[in-house]
Structure formats: C-alpha cells, structure tokens
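*Asks:* this is the structure alone, sequence omitted:
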C-alpha cells in the first residue's frame, strides 16, 4: 500500500509538469511555430506515458483491494467465531441458521446446533410478530443453561441473539445478597404469666432453659444472639441464614412451647425480623415494626419484613390471656384524656356491622357521655345482624339520635374531633375510609390479630387478640375510665350480646376475663333473655342454611367445605352462620363455606376450634380475621375460589401441617 501511494504521488507531480509544459508549448508557438510543433510532439509523448502509468496504477490498486477484502473477510469470520460472547441467528421458522463457537460450548454438545429448533434449545425466547415495526428494539432476559447463567439480548427485527456468560456476575450477586445484614428481635411473650407463682430461683431456671434452647438454635443457623433483658434478645444474621430460618419455619417457636408445656401457661416467643435496607437504623426500625406485628397478631409467631413484603410463620396457638389489667387501666386513662381534649367523638366500626360493633360503639358512647363530650355512632343502612337490637334502640329516642350517617360524620369532623374505630384495624374495612383520612386523631379498639394493613398513624391502639370481642375490651375500659360507671339495661344488654355472638354463647375463645366482663354487665342490668331473643334464628334462614349444608363434604380428614350452587347469592352473614353450624358437627375441626354474594363478590367464611389457624389461610387469599374466625372476599367465580382455597390448604399441609 505505501508503494501505491508513492506512485500516486508521482503521478500527481507528472500531471502538474504536463500542464506546465503545455502552457510553455502554447507560449513558444506564438514565437516560433516549428519549435512549438516539436514541443507539442514531446508533450504528447509525455501524455501517453502518463496514461499508461495511470492504467497500471489502477490495475495494481484493484488487485490490492481484492486481496485486502479477502483477508478482512477471512479474519472477520475467524474473529466472530472466536468472540468471547455468543452470536446466534435463527430463521422465520425458529430454527438455528448459524452460530459461533461460543454457542456450541454453551450447550455442551461438542458439535453444531444449526437446524435445531429454538423452542428446544432456548424455549424461554418469546415469539415475535412478523411485522418489523412491532419487532423494533431489543429484548433482554436471563436464562440458566447447564448450570450456568447467561444473558440473552434478542435483536428482534434481525432474528439475532447475543449470548453473554453472566455466571461469575450472578455468583457475585448471589453472594452479595446472601451476605446482606438482617436484624431481628426475640421477645418472650408471656414471661410474667408463665412464671407467676414462681420464686426467683424457679424463674431464673425457666429463663435459663429457654435461653439454652435459643442459644443452640442460633448456633445451628449461624445467628449472633445477644441478650438485652430477661425477656428480650437481639439477633444479627445474614440473609442466607434468614432464608434457612424461613425454610425451617422457625422451629424454635415449637421447641420453646414444648419445652415449657408442663407449665400452666406455656412459654411462647415472638420474633420480628427485617432485611433489605442498607441503613442499620432502618433495619432496627423495621425489626421492631415486625415484632409489633407479631405481638399484635397474638404472639407465638415470627414476622419477617422486607420492604412491602411481610411473611408470618407459626401463630398456631391462641393468644394467651393476660392476667393483669394494668394495660386496660392505662388505656382507659389515656382514652379519657383524649376524649376530654376533643370537641366531639365519632365512633365507627367495620362495614356490615354486627352486634360486636354495635355493642362496643354504645359502650364507647357511654364513656364519652360520662365526661359530657358530644359523641356519635356512624351507622350506614340496615343490617339483618343488628335489626332486632336496633328495634330496641329506636324506642330509646336520646340514644337513637346519636346514630348518624357517614356523610353527617364527615360534616361534623374538625381538627379537634376524635375518631374511635372499634372491632377492626384496617382502614379499608371501616364503614367510611374517608373519615380515617380526614381525622387528625384516631383510636383503635380491636381484638383481631393484626394484619399487614393497619392504621399506622393512630394516637392510641388497644389491640388484644386474646380478648373474645371488642365488647369485652370496651367493658373493661368502662370499669377504669370513670369511678362510678352506671350502664342502662339496654347499654349493658348491647355489650353482652356482642360478647355472646363472638364467643358462640361462651363456647369458644373465652377466658376468665370474658366471664368477669359478662358478670359486670349482668350486675348492670344486662338481660340474658333479651340477648337470646335477639339471637333467635329465622325459620326461612334456617332452611337456607340446611340447603347449603347439604353440599358440604370433608377434606383433609377434619375440614368441612361447603360450596353453594352457582346460581344462588347468599348474604355474608348467612355464609358465616353456616360455617359456625358446620363447626358443631362431629369430627370437624375447621369449616369453610364459599358462596356468591348479592354484591357480586365471592365470599369465603372460615371457622376453627383453635387447632387450625384459619386467619393464615384467609390471608393467603387476600382476607384476614382471627385464629378461629376469618373471612375473605374474592372476584371471579365460585369454582375459582374453591380451587384457590384447596391450593392454599394443600400448600400449608405440605409445608407445616394444617393441624397442631
């Protein structure tokens, strides 16, 4: 190539010389035409020589370019074949047309895969439209082939796939994720209750036994455990250890419970864990939040939080009833102060209110009246569950005027108004969620196990899962909120009816404090005969329940499942009553009833005798509730709801078993 360039340069110089000579011939011709003619002959000879030289140069240049093109193509093919990443071309029929050596090694076949269907080699590669406009751009996805990680970059319009080995990067990424820090807090739920009646030596021995189990468990799963107090421990671990703990379903919960099974009140643990944020302070806050969630759901379980994901493990036992009423007294005094600082009080329960909501609301209304604070109860529409009680309330004009609609409540709301939410802690479940958004101060009184959704900005939370009902909690508060509380027979009856309904006539989920609350209400004039009349069943409803029960069948040995006919729409209240009835059958430990509702949703009611946590089942379907009493509402058909429920039950059976 340098020789050719030099020849070209010489050619340019000769051309300039020829031009000068031609000008000189023209000048000489003016002086002497003979001499000019001779000079012209010489110039023509020079021009001929230049033409031959130019032709030779062009021929040599074409030959050089041809040889260079051949070499470049040969080197290009060899370079593409030996690239450190793969290139694969496929045809319209999705068969491999060509690939380089990298792709051969990727599949480990030792030979070409040309002609092989792409659906067999890389079935994860999507099919694209034949329209080029729709195929513009690239698609990137990660795949695993022969235990190695690859990133595929698919050039849609060219039917070309670039393949890059990402195994080392994936390994580093997994190692980084596994080594990320996680924080946790362990709390002995009921140390005071379990050790009540013990002397210091016995109490210390009990704590030492539990600490020994925790230490062995922490060592097994590579967890750093630090004791902060007699009932509180700090956990530090990486994410790999956390994954192992989740796979084990936190067996330490069962180990500690079984270890202390000989006590009157077995010891249980609550564990709050968090991972995700890189900030240590954020991890600590999330861990405490997870622990609060586990405690709010009744304890004896682990809550693991990462961003918006929250997982629960354990929670198989009923929340242990607290023998001390110190918390009830503290909450009562705090509620009294909040009421006195407010211009008015608005009381609201969940949608489709029941007797527990109505009774608890009337109890809170009584507390406000004792301090002469203006108070109202939000009630929307009629409800068969409370119709008989409302008929009696309608006869009490002063009490009846205290019931208002959600729109009226919105108009009464001010900056100093106190909103008290009873029998639920989920904003979406309240009778009017907009009231929660508008209220500056919110108080929660609830007995359900805490779910993921929660009114986080509440100024006061009284959430006790051990309680039978919201009416039980309100009854206890009334005994401490004022020195001389006097309930009317109607108010006491309303509170007692709420306890009676939620305990199934004091048969389920009752403790000593439940009967103490009922005794207090009876002393204040609660009429048990009126309660029985209110709870009487309608003959037509009883026949409808019998029709639904006809379709019941047994699954997993001890679970009764009833699915109504697809053309029938049953109110949620009746669905719940059928689930309660099924629970009374021999050999039934849990019941589920599925039916279409008048609002178009598919309702599922779940009940158990305590050996199965139906709340966990309903939460997996988007619902919630209590250990023995839960529900969910789904969109779609009854067949879809039944299939999803059976899948959840099968999953729980495989992972940890349905019953204790």
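*Replies:* All right, it came through fine. Since this is a predicted model, take the numbers as computed values, not measurements.
*Asks:* pull out the buried positions in stretch 412-427.
*Replies:* Judged by neighbour count using 16 or more other CB atoms under 10 Å, the buried positions of stretch 412-427 are 412-413, 417-427. Using the backbone N, CA and C atoms, a C-beta is placed for each residue, glycine as well.
*Asks:* can you tell me the SS state at residue 579?
*Replies:* Secondary structure state of residue 579, per DSSP: H, G, I helix; E, B strand; the rest coil, is helix.
*Asks:* just to revisit the earlier point, can you list the buried residues of stretch 412-427 in a markdown table and add pLDDT?
*Replies:* A markdown table is the format used below for those (pLDDT from 0 to 100):
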| residue | pLDDT |
| --- | --- |
| 412 | 94 |
| 413 | 93 |
| 417 | 94 |
| 418 | 95 |
| 419 | 96 |
| 420 | 96 |
| 421 | 96 |
| 422 | 96 |
| 423 | 93 |
| 424 | 92 |
| 425 | 91 |
| 426 | 89 |
| 427 | 90 |
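*Asks:* in strands, which of those residues fall?
*Replies:* Taking DSSP state E as the definition of strands, the buried residues of stretch 412-427 contribute 417-422.
*Asks:* please identify which of these is nearest to residue 244.
*Replies:* Residue 244 has its nearest neighbour among those in residue 421, at 39.4 Å by CB to CB.
*Asks:* grab the nearest non-local neighbour of the closest one.
*Replies:* Distance criterion CB to CB, 6 or more residues apart in numbering; nearest residue to residue 421, sequence neighbours excluded, is residue 444 at 5.2 Å.
*Asks:* element containing that neighbour, please.
*Replies:* Assigning secondary structure by DSSP states H and E places residue 444 in strand 441-446.
*Asks:* repeat for residue 208
*Replies:* helix 200-220.
*Asks:* buried residues, the helix or strand that that helix is followed by. List them.
*Replies:* With elements assigned by DSSP H and E, the helix or strand that comes after helix 200-220 is strand 224-229. By neighbour count on 16+ other CB under 10 Å, the buried set for strand 224-229 is residue 225.
*Asks:* the residue nearest to residue 394 when sequence neighbours are not counted: how many residues sit nearby?
*Replies:* Nearest non-adjacent residue to residue 394, counting by CB to CB, 6+ apart: residue 400, 5.4 Å away. Using other CB atoms under 10 Å, the number of residues around residue 400 comes to 11.
*Asks:* the one 5 residues further on too?
*Replies:* In terms of burial, residue 405 registers 15 neighbours under the definition other CB under 10 Å.
*Asks:* wait, what's in contact with it?
*Replies:* 378-380 (CB atoms under 8 Å, 6 or more residues apart in numbering).
*Asks:* over to residue 126?
*Replies:* With contact taken as CB under 8 Å, 6+ apart, residue 126 is in contact with 139, 154.
*Asks:* quick revisit: who does the helix holding residue 208 touch, helix- and strand-wise?
*Replies:* If contacts are counted by 3 or more CB pairs under 8 Å, 6 or more residues apart in numbering; DSSP states H and E, helix 200-220 sits against strand 181-188, strand 224-229, helix 252-259.
*Asks:* report the angle between the second one and strand 181-188.
*Replies:* Put simply, strand 224-229 runs at 40 degrees to strand 181-188, going by axes from the mean of the first three to the mean of the last three CA atoms, to 10 degrees.
*Asks:* now the angle between helix 200-220 and strand 224-229, please.
*Replies:* Orientation check (the same axes, to 10 degrees): strand 224-229 against helix 200-220 gives 160 degrees.
*Asks:* give the next helix or strand downstream of strand 224-229.
*Replies:* The helix or strand immediately downstream of strand 224-229 is strand 232-238, counting by DSSP H and E.
*Asks:* buried residues, that next one. List them.
*Replies:* Residues of strand 232-238 classed as buried: 233, 235, 237-238 (neighbour count, 16+ other CB under 10 Å).
*Asks:* please name the bridge partners of the residue nearest to residue 421.
*Replies:* residue 421, residue 461 (DSSP bridges).
*Asks:* which SS state does residue 271 fall under?
*Replies:* Following three-state DSSP, we place residue 271 in the strand state.
*Asks:* how close does it sit to residue 184?
*Replies:* Plainly put, residue 271 is 6 Å away from residue 184 if you go by CB to CB, to the nearest Å.
*Asks:* re earlier: distance to residue 456 added to the buried residues of stretch 412-427, as TSV?
*Replies:* As requested, these are exported to TSV (distance: CB to CB, whole Å):
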residue	distance to residue 456
412	24
413	20
417	19
418	17
419	14
420	17
421	13
422	18
423	18
424	14
425	10
426	11
427	10
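*Asks:* just the residues you listed now: which is nearest residue 531?
*Replies:* residue 423 (18.0 Å).
*Asks:* and the closest one, what does it touch?
*Replies:* 349-350, 354, 356-357, 360, 445-448, 469-470.
*Asks:* what about 10 Å?
*Replies:* 348-350, 353-354, 356-361, 429-430, 444-448, 469-471, 473-474, 498, 502 (CB atoms under 10 Å, 6 or more residues apart in numbering).
*Asks:* the most centrally placed residue in the chain pairs with what?
*Replies:* For the chain, residue 309 is the residue whose C-alpha lies nearest the centre (CA atoms, centre = their mean; 4.0 Å). Beta-bridge pairing for residue 309 (DSSP bridges): residue 306.
*Asks:* make residue 1 into 792 and carry on from there
*Replies:* From this message on, residue numbering opens at 792, which makes the last subject residue 1100.
*Asks:* for the stretch 1042-1191 of the chain, just list every one of the helices.
*Replies:* Secondary structure of the stretch 1042-1191 of the chain (DSSP state H, counting those that start in this stretch): helices at 1043-1050, 1071-1087, 1117-1131, 1146-1161, 1178-1185, 1188-1191.
*Asks:* what comes up buried for the shortest one?
*Replies:* Residues residue 1190 are the ones in helix 1188-1191 that count as buried (16+ other CB under 10 Å).
*Asks:* average pLDDT for it, rounded please.
*Replies:* Across helix 1188-1191, the average pLDDT comes to 92.
*Asks:* okay, who's weakest in the contacts of residue 1196 by pLDDT?
*Replies:* residue 1171 (84).
*Asks:* so that residue touches residue 1197, yeah?
*Replies:* Yes: between residue 1171 and residue 1197 there is a contact at 5.6 Å, judged by CB atoms under 10 Å.
*Asks:* give me the common contacts of those two.
*Replies:* Residues touching both residue 1171 and residue 1197 (CB under 10 Å, 6+ apart) are 1139, 1222-1223.
*Asks:* which one of those is nearest to residue 1354?
*Replies:* Relative to residue 1354, the closest of the shared contacts of residue 1171 and residue 1197 is residue 1222; by CB to CB it sits at 29.5 Å.
*Asks:* hmm, residue 1290 and residue 1319 touching each other?
*Replies:* No: at 11.2 Å, residue 1319 does not count as touching residue 1290 under the criterion of CB under 10 Å.
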